[in-house]
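S.K.: Next comes the sequence, and after it the predicted model I'd like to discuss.
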Amino acid sequence: MAALHARAADADVLLLNELGLDPGIDHLSALDLLTRLKARGQVVEAFTSFCGGVPAPDVPHTPLRYKFSWNPRGVLLAGLNGARYLLGGD
């Protein structure tokens, strides 16, 4: 990421990397960022996310055309865990 920063900044491109958080939080963060950019009049021409899987052109029968790179059971069980969050800094 650091090696790509200057080229991305020169092209007015924002690069975000995976932070190892449960699937879903990256999409919430992305939606928040996209909403704030739109409110400032900026245009997002493309958004691509490969969270939770890797492209798998050799597996055409999967609806999303990717393979899990983690155990799906863990994600399903994580949905049963409690959660804490901040709203407005509180």
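M.R.: That came through fine. These numbers were taken from a predicted model, which means no experiment stands behind them.
S.K.: just the helices in the protein please.
M.R.: For the chain, applying DSSP state H gives helices covering 2-10, 25-39, 72-78.
S.K.: what's the closest of the ones you listed to residue 49?
M.R.: In terms of CB to CB, the element of the helices of the chain nearest to residue 49 is helix 25-39, at 6.8 Å. To be clear about C-beta, it is placed using only N, CA and C from the backbone, and glycine gets the same treatment.
S.K.: Against which helices or strands is that closest one packed?
M.R.: Counting contacts by 3 or more CB pairs under 8 Å, 6 or more residues apart in numbering; DSSP states H and E, there are no secondary-structure elements packed against helix 25-39.
S.K.: So, low pLDDT: which residues of the protein?
M.R.: Scanning the chain for pLDDT under 70 picks out the ranges 18-25, 50-70, 75, 90.
S.K.: Recalculate using a threshold of 80.
M.R.: The chain contains residues with pLDDT under 80 at 16-29, 48-72, 74-76, 78-79, 81-87, 89-90.
S.K.: that older thread, looking at the helices of the chain, which is nearest to residue 88?
M.R.: With CB to CB as the criterion, residue 88 lies closest to helix 25-39 of the helices of the chain, at 13.4 Å.
S.K.: Now for residue 87: which residues touch it?
M.R.: Contacts for residue 87 were tallied using CB atoms under 8 Å, 6 or more residues apart in numbering; there are none.
S.K.: quick one: it from residue 5, how far?
M.R.: Remark: distance between residue 87 and residue 5 (CB to CB, to the nearest Å) = 32 Å.
S.K.: Tabulate the helices of the chain (a markdown table), appending mean neighbour count and distance to residue 46.
M.R.: As requested, the helices of the chain are exported to a markdown table (neighbours: other CB atoms under 10 Å; distance: least, CB to CB, whole Å):
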| stretch | mean neighbour count | distance to residue 46 |
| --- | --- | --- |
| helix 2-10 | 9 | 13 |
| helix 25-39 | 12 | 11 |
| helix 72-78 | 11 | 26 |
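S.K.: May I see the ones you listed organised as JSON lines, with distance to residue 16 added?
M.R.: As requested, the helices of the chain are exported to JSON lines (distance: least, CB to CB, whole Å):
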{"stretch": "helix 2-10", "distance to residue 16": "10"}
{"stretch": "helix 25-39", "distance to residue 16": "7"}
{"stretch": "helix 72-78", "distance to residue 16": "20"}
